[in-house]
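In: below is the sequence, then the predicted model.
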Amino acid sequence: MAAQTRQIIRPYGDRRDDGIIQMSFTLPVPCTERAKEAALQLCQQMGLKDVKVHGMERAAENYTLFIVYARTEATVDYAAIKIPEVVVHKMGFDELNAFIEKNVGRKVVVFGACTGTDTHTVGIDAILNMKGFAGDYGLERYPWFEAHNLGSQVPNEDLIARAMARNADAILVSQVVTQRDVHKDNSRAFIEAAKKAGIHGKTLLLLGGPRVDHKLACELGFDAGFGPGTKPSGVANYVVHALLQRMGKEKQGTHFEGEPT
Amino acid sequence: MAAQTRQIIRPYGDRRDDGIIQMSFTLPVPCTERAKEAALQLCQQMGLKDVKVHGMERAAENYTLFIVYARTEATVDYAAIKIPEVVVHKMGFDELNAFIEKNVGRKVVVFGACTGTDTHTVGIDAILNMKGFAGDYGLERYPWFEAHNLGSQVPNEDLIARAMARNADAILVSQVVTQRDVHKDNSRAFIEAAKKAGIHGKTLLLLGGPRVDHKLACELGFDAGFGPGTKPSGVANYVVHALLQRMGKEKQGTHFEGEPT
Amino acid sequence: MPGPFIQDEQIAAARKAAFEITQPVFDHIHRHSSVSVERTVLRMFGMAGAGQLGIPLANLMVDKLQSAGVLHKGAAYWYGRALQLGAQSPLDAVERIAALPADKLGPLSPEMEGNLREEIRAEARAAMGELKSRVDARNALRAELGGMPPAPHKYVIVATGNIYDDVDQARAAAQAGADVIAVIRSTAQSLLDYVPHGATTEGYGGTYATQENFRIMREALDEESRRLKRYIQLTNYSSGLAMAEIAWAAAYERLDMLLNDAMYGILFRDINMRRTFLDQYVSRRICAYAGIIINTGEDNYITTADAYDAAHTVIASQFINESFAHRAGLKDWQLGLGHSYEIDPHRPDTLLLELSQAMLVRRCFPDAPCKYMPPTKHKETDIFFSHAYDVMADLVAIWTRQGIQLLGMMTEAMHTPLLADRYVALKAANYMYKAARGIDEEFVVREDGKIAHRAREVFGRAVELLDECRNDGLVAAIGRGRFGDVKRNETGGKGLDGVFERSPDYFNPMLEILEGKA
Amino acid sequence: MPGPFIQDEQIAAARKAAFEITQPVFDHIHRHSSVSVERTVLRMFGMAGAGQLGIPLANLMVDKLQSAGVLHKGAAYWYGRALQLGAQSPLDAVERIAALPADKLGPLSPEMEGNLREEIRAEARAAMGELKSRVDARNALRAELGGMPPAPHKYVIVATGNIYDDVDQARAAAQAGADVIAVIRSTAQSLLDYVPHGATTEGYGGTYATQENFRIMREALDEESRRLKRYIQLTNYSSGLAMAEIAWAAAYERLDMLLNDAMYGILFRDINMRRTFLDQYVSRRICAYAGIIINTGEDNYITTADAYDAAHTVIASQFINESFAHRAGLKDWQLGLGHSYEIDPHRPDTLLLELSQAMLVRRCFPDAPCKYMPPTKHKETDIFFSHAYDVMADLVAIWTRQGIQLLGMMTEAMHTPLLADRYVALKAANYMYKAARGIDEEFVVREDGKIAHRAREVFGRAVELLDECRNDGLVAAIGRGRFGDVKRNETGGKGLDGVFERSPDYFNPMLEILEGKA
Ligand code: B12
Ligand code: B12
Ligand SMILES: Cc1ncc(COP(=O)(O)O)c(C=O)c1O
Ligand SMILES: Cc1ncc(COP(=O)(O)O)c(C=O)c1O
């Protein structure tokens, strides 16, 4: 890629590049001037300038909530943040079905569930069920997808076994509860099980949920990750392209619109 | 003072000492995944850990608002933050009047105004007018105070001249508009004028307003500063003690309840 | 006052339909028992401890009785036999029963049998008397502190996973104005067929419901209540495979409320229907006895189904939950029927629609302290908007005089609440209540407006659904996914193996007392 | 619909009282003029530039005429004389007049005098025609983009101090849904007895109101309006010592609204009464001509006085402001009468009280696009609470169908709004409007409730105050601190030296046109 000019950006409050940020936090001390001084020092230690501890609220006898506005000197070179170039456009419902028919030549089989102790089904349902999400049809609705939704509280091993029995092309795992990273623990357990079952690196493994992104999913050993606001059509497009790449029918690393990043 | 044990404190969100803070800021770029990555990098540069760029809002075409939760490793030793020991208790209305009668022996004369181009009178009125503030009587109500409220938009020089003509014990300056530190500029101009008039270091000079604190006021050359929520009785107590100290009738540096810090 | 919207007779008819719907379920309930119910009986007798590996003694004993195939006589009976064998303590009783091949314990003579039952009944009366005195102590503290504040009671959750952190957060919330503290359970505790033991410090998305955790929290809140001179209520979940036992533990530890629904476990935890119907009955009998307010879970329906489309399912289910509750002896003042402010905020007229629904609920259940939930499903990560959105739920709650209001959290879409989130919510609710209390008395709702029209429409659809349940049976309606868009069948789900038919000589002195038969 | 609360006849009587109150003021107005009015006339003739040191030409010329003691004939007359002397341009006219000892310009023959007046009248007609065509262009763009959205119009302020930053922020606000952009003026511009010149980048608490700044912002908003396919209105302040001139510059630059109050300068800027009454009249004549909506400033009263106690002063002043406006030719659709959600939130029933006041205003002024201000005075630094508090003002605004709603900013107690603050406010208001539009049609206000009772009480006290003003005179009432707790007397304050009596042959062709006499 050609040498790029830098594009330095910083937070914008009142005037360009003023670096203004808003912050709030609670300190475990009573609401006094001394507490305010502590809040100020804390912000200064965080490297903030022109710290204004505007608000100090008695959240409880021994807890004080602070509202701060300050300036940060941190900057980011926006030009240096790379995003892949999109070369394949995102296909709509009919177009994608026709594309599967032509290029895969059979139905694409996917299995999904919310695994572990997590019972949040709304997310995986949004991707798989007929109705879909935000006016975008779910995978069950695609004639060229065969979608199985096993629901929630499904043990990782069961999901894998059921998927293998149907020779699935992709497995979709949803994780919603994230307190103290329980979703990461369960996701790692899923990957272990997939390795044991010998499908890791073969069957496409997708992870999704409100605290999931592509980067995290890849780190955990999945092929792709999908976060809040994901539409089923995006997932469908991804699965088809990734599958064709696995099948050697599409160039590895072909970038397409809506691919997870 | 005796060696103190340290009392390290840090922000408290879900569990003690977890260091969780909330932050929001706007970046001058469109709302995309790339912008989110920029927000993340910015927070990391600010030294934050476990950065969760939870929210990304399209504030406008080229501006994106981010909502972040993250952990800071900054700590403060709360034990090291000193506050003066209070030795004199705060006197109520009747007690203070009696105290003035006995110790000063004459009415205490104060002049106040909102100076410069600032027209915000509510703050200085709260301190000086009969009615007072939050159920606490203003200085005009105290029989042993002679309080003159010149209102707003008063040139610094006029306030000083009027006060000198009555041989005032204290001058109260209010500053409410603070954009780009106009209050500091005007306060410095006041101090210059006071020096010129030869009353600096003699007449008590008080600064007040929503963005004022004692530290700032002292830096600017005032004797004391009063911020949001100030009650007239606190100001009255301060003026009397400070006056007695100037008169040599009370030990310098006597600490009293409600003194500006 | 909300309404009329509809005639009193129409409401009475809906209530009658619900009564008929629950009738067949009670035929089942009165002929069966479950492992959980039997463990509850043992807990009543003081069997609250745990053995090795932390397995509760009640589980050890009931499992033993079940595998020996003798549970159908009732655990109380075997407990009596263990005592006769000389058991000195609950643990001892378990060990004696466990040591014995069950067939060794042949039938007793009618007289001995009669004596045994009388002794155990006496012990049960004493245990229930002790429970009552604990409940009385709770009520006395409430009265001492000036009774209950006016409704809605502001309800916030703590969910750190660690009971000691929970205590810190609960105290802070009380200091900031909370009326009710709910300790959210660790994820999937519903699926545990036992009650974990002791104080716990590691939960996910919540803290385990254990008797010791209840005790720790209630003790802290008693202290806090005294300091604040304001009684702070405590609630937890009587739900899942151990719902009856938890009701007992909660009653014993003087909790004030319990999340307790006749169908939640079926729909949202895939727990078997028969099991759930049985266990909910016993848990509710305990709540009735202990003056505990239950909170039902209809609000959950509109997290899976669309809140606009499924509004009538909430009303229909409330009538059914009410009937289940009345049949278990609960009074109207104990029915925190659940509903919520969940209509997609992108729709037009949502404030009118939410007011309509909230008014309709109050119209149908005027004497119940309804539990009003805040927006959750459509919450997104813009905390400022989230807060504004919650405030509208505060308005509807005070306007329609809900009994209990769960305060929405501005970080709902992110994490379980931080200390500051609760403070922010309480401050806003305090303002709203102060600003708007009595607003309902300022206006007459127009019968020709959107609010009234919508209320009639929702009520009409609720009646249709109740008719369907009456005609085809509740089981069939659940099978069709009528509630929360979730389909379940009678023999599916977890825990059916814990249900058994009572033998003719089934003995349960606790139930006798609870049902007023002793 | 709000009310009735009170009888139509009572409202008519209040209106009549206000009409009688303003009558004596008009006796003064029609006999006097001011330096600012005369400068406005010169600006109409194209004298918009500035000389050395940035002093506006209009000021140079008027000051010259005043010190020469000839201003009482009207600046237009001397402008005509300068043209006769061969002035080629406004600057040239100023220089020619300035160069001349005034006594050198003796009287003209009646015929020449008549010709001069006719020529200047023709020039004035042309200038006013040009103004009209600019206003028509504004109206055409509005129509092209589909007219105005339904009320309330969401109004936000920009106040960076730098017109170019203001443009960025205004565009962003428009993109986020703002209907009206207000550029707040730099602190104390009210006290400048001139209009600063050119584009400015250094203001405090706001950006200078200059004709060039108006042009820059309107151009940006025209572009933005076209892009968004939604007309975005622009407003500024016609207020202070230069209020009439600013009205002219704003009209010329196609602004849509102006903050313009008959008494604000007197009360809040200590500007002389006589001066203010005069200047406000001419500024309003211009607004009437240019189809500009004025925004009055009654909301300011309850920042200095207590909003609960002084609620009636707002209503009384609105009647007076309305009368001043009607007498200056403004139509009801141009009257953005000001009021606000300012009652101390620590009081009980504030939502009821605010609804009452907002309904009463709409009851009294049903055809005026009232301007509703958010809470400001009691705003504190907890931005979360501040936001919740603002949302209630949004609710009242949509409920009572205010014409224009200033959106509250969560950082009100800290700084002029950041870009994000405006976004947050707009998002909440959009939600509230969508959620609650039409709520007024759902209820009938009970005449025996607190809302109705309070409305009657406030109206009653307003009538008393109007009676006092009628009997004792407006000047006397102001002298007693009846409005905003601020006392002023007739000859005090700034700018009285800029007021002069018109000579019998006073010439002002602009006013002739504005008053429909030419
Ligand atoms: C609805 C809901 C429930 C319902 C669930 C009903 C059901 N059957 O799903 C009920 C009421 C039963 C419930 C219960 C609980 N909940 Co809940 N719940 C929510 C809530 C309000 C909305 C979640 C939701 O439906 N979002 C809408 C869907 C469409 O969004 P989504 O899940 O993000 O899915 C999208 C994407 O992420 C993506 N996606 C998701 N999965 C996948 C998978 C793949 C493969 C792909 C490609 C994409 C994808 O696509 C979807 C469409 O865009 C959230 C709060 C919130 N507003 O987010 C809390 C929340 C998730 N719950 C929470 C908790 C703690 C619980 C409980 C554990 C509480 C308790 N202790 O009792 C219980 C038990 C649940 C359990 N053990 O799992 C917490 C989790 C905290 C955390 N970060 O860990 C939250 C955040 C609330 C909170 N602030 O405390 N909950
Ligand atoms: C009321 C008000 C007005 C009224 C003022 C009426 C009047 N005669 O006072 C009106 C409507 C006229 C007004 C106008 C403007 N205002 Co103004 N106004 C406010 C508002 C809403 C409340 C201020 C108030 O009265 N607070 C209550 C008093 C009691 O609190 P206080 O001033 O802090 O005083 C207390 C303490 O600070 C202390 N104290 C204060 N002074 C002194 C002095 C001494 C000696 C002592 C001991 C103590 C003391 O004691 C008091 C009691 O505890 C604030 C926003 C807010 N909520 O804070 C904006 C605010 C102050 N205004 C602001 C602005 C910009 C203006 C304008 C310049 C806007 C414009 N361009 O048109 C104009 C012009 C004013 C000017 N040139 O000075 C900004 C200032 C921004 C900044 N940080 O610089 C604010 C913060 C609003 C905002 N977010 O934009 N305003
Ligand atoms: C009645 C009821 N029980 C239990 C729960 C909690 O879920 P879990 O099944 O994880 O205990 C809820 C959640 O809202 C509920 O409404
Ligand atoms: C009518 C009117 N004019 C002017 C202003 C602005 O103040 P300034 O006098 O600083 O221009 C206001 C403030 O709200 C106002 O209401």
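Out: Received, thanks. Residues are numbered from 1 along each chain as shown, chains lettered A, B, ... in the order given. Ligands and ions are numbered 1, 2, ... in the order given.
In: run through the residues that contact the residue nearest to residue A:122 when sequence neighbours are not counted.
Out: Residue nearest to residue A:122 in three dimensions, not counting chain neighbours: residue C:304, with 6.1 Å by C-beta to C-beta, 6 or more residues apart in numbering or on different chains. For every residue, glycine as well, the C-beta is placed using N, CA and C. When contacts are counted by C-beta atoms under 8 Å, 6 or more residues apart in numbering or on different chains, residue C:304 touches A:121-122, A:125, C:268, C:484-486.
In: same check, this time on residue C:73
Out: Contacts of residue C:73 were listed using C-beta under 8 Å, 6+ apart, and they are C:503, C:505-507.
In: now it: how far from residue C:208?
Out: When C-beta to C-beta, to the nearest Å is applied, the distance between residue C:73 and residue C:208 equals 32 Å.
In: for the stretch 101-250 of chain A, which residues are neighbours of ligand 1?
Out: By the rule C-beta under 6 Å from any ligand atom, the part of the stretch 101-250 of chain A lying against ligand 1 is A:112, A:117-124, A:126-127, A:133, A:172-174, A:176-179, A:206, A:208-210, A:226-230, A:235.
In: take those residues and keep only those in helices.
Out: Using DSSP state H, the subset of those located in helices is A:122-124, A:126-127, A:235.
In: just give the number of residues close to the nearest residue to residue C:431 once chain neighbours are set aside.
Out: Nearest-residue entry for residue C:431: residue D:345, 5.9 Å, with adjacent residues in sequence omitted and distances by C-beta to C-beta, 6+ apart. By other C-beta atoms under 10 Å in any protein chain shown, 20 other residues sit near residue D:345.
In: now for residue D:345: which residues touch it?
Out: When contacts are counted by C-beta under 8 Å, 6+ apart, residue D:345 touches C:431, C:434-435, D:375, D:378, D:389.
In: filter these by proximity to ligand 4?
Out: Among the contacts of residue D:345, ligand 4 is touched by none when using C-beta under 6 Å from any ligand atom.
In: show me the strands in chain C, by range?
Out: Taking DSSP state E as the test, the strands found in chain C are C:32-34, C:153-158, C:180-183, C:233-237, C:257-259, C:293-295, C:335-336, C:338-340, C:371-373, C:404-406, C:443-445, C:499-501.
In: neighbouring strands - and their directions - for the first one?
Out: So that's strand C:32-34. Paired with strand C:32-34 in the same sheet, following DSSP bridges, are strand C:499-501 (antiparallel).
In: now do the second one
Out: Based on DSSP bridges, the strands next to strand C:153-158 in the sheet, each with its direction, are strand C:180-183 (parallel), strand C:404-406 (parallel).
In: show the average pLDDT along that strand.
Out: Averaging pLDDT along strand C:153-158 yields 98.
In: likewise stretch A:201-210?
Out: If you average the per-residue pLDDT over stretch A:201-210, you get 96.
In: before we move on, what about stretch C:308-328?
Out: Stretch C:308-328 comes out with an average pLDDT of 98.
In: which of the residues in it are buried?
Out: In terms of neighbour count (16 or more other C-beta atoms under 10 Å in any protein chain shown), stretch C:308-328 has its buried residues at C:308, C:310-328.
In: just the buried subset of the residues of the stretch 101-250 of chain A next to ligand 1, please.
Out: If we count by 16+ other C-beta under 10 Å, these have these buried: A:112, A:117-124, A:126-127, A:133, A:172-174, A:176-179, A:206, A:208-210, A:226-228, A:230, A:235.
In: identify the residue spatially nearest to residue 213, adjacent ones excluded.
Out: Here I'm looking at chain A. Counting by C-beta to C-beta, 6+ apart, residue A:227 is the residue found nearest to residue A:213 once chain neighbours are left out, at 4.9 Å.
In: switch to chain C, please.
Out: Closest residue in space to residue C:213, ignoring its immediate chain neighbours: residue C:163 at 4.6 Å, by C-beta to C-beta, 6+ apart.
In: tally up the residues packed near residue 245, please.
Out: Since you didn't name a chain, this refers to chain A. Neighbour tally, residue A:245, other C-beta under 10 Å: 15.
In: try again with chain C
Out: For residue C:245, the count of nearby residues is 33 (other C-beta under 10 Å).
In: kindly report the same for residue C:302.
Out: Neighbour tally, residue C:302, other C-beta under 10 Å: 26.
In: how much space separates it from residue C:267?
Out: 12 Å.
In: quick one: whatever residue of chain C ends up closest to ligand 2 from residue C:286, how far?
Out: Of all residues in chain C, residue C:431 sits closest to ligand 2, at 16.0 Å by C-beta to the nearest ligand atom. If you measure residue C:431 against residue C:286 using C-beta to C-beta, the figure is 38 Å.
In: can you pull the contacts of the closest residue to residue C:349 other than its chain neighbours?
Out: Taking C-beta to C-beta, 6+ apart, and ignoring the residues beside it in sequence, residue C:349 has residue C:450 as its nearest neighbour in space, at 6.4 Å. The contact partners of residue C:450, taken as C-beta under 8 Å, 6+ apart, are C:349, C:352-353, C:356, D:438, D:442.
In: same thing but at 7 Å, please
Out: C:349, C:352, D:442 (C-beta atoms under 7 Å, 6 or more residues apart in numbering or on different chains).
In: cross those residues against helices and list the overlap.
Out: Using DSSP H, residue C:352 are the members of the contacts of residue C:450 that sit in helices.
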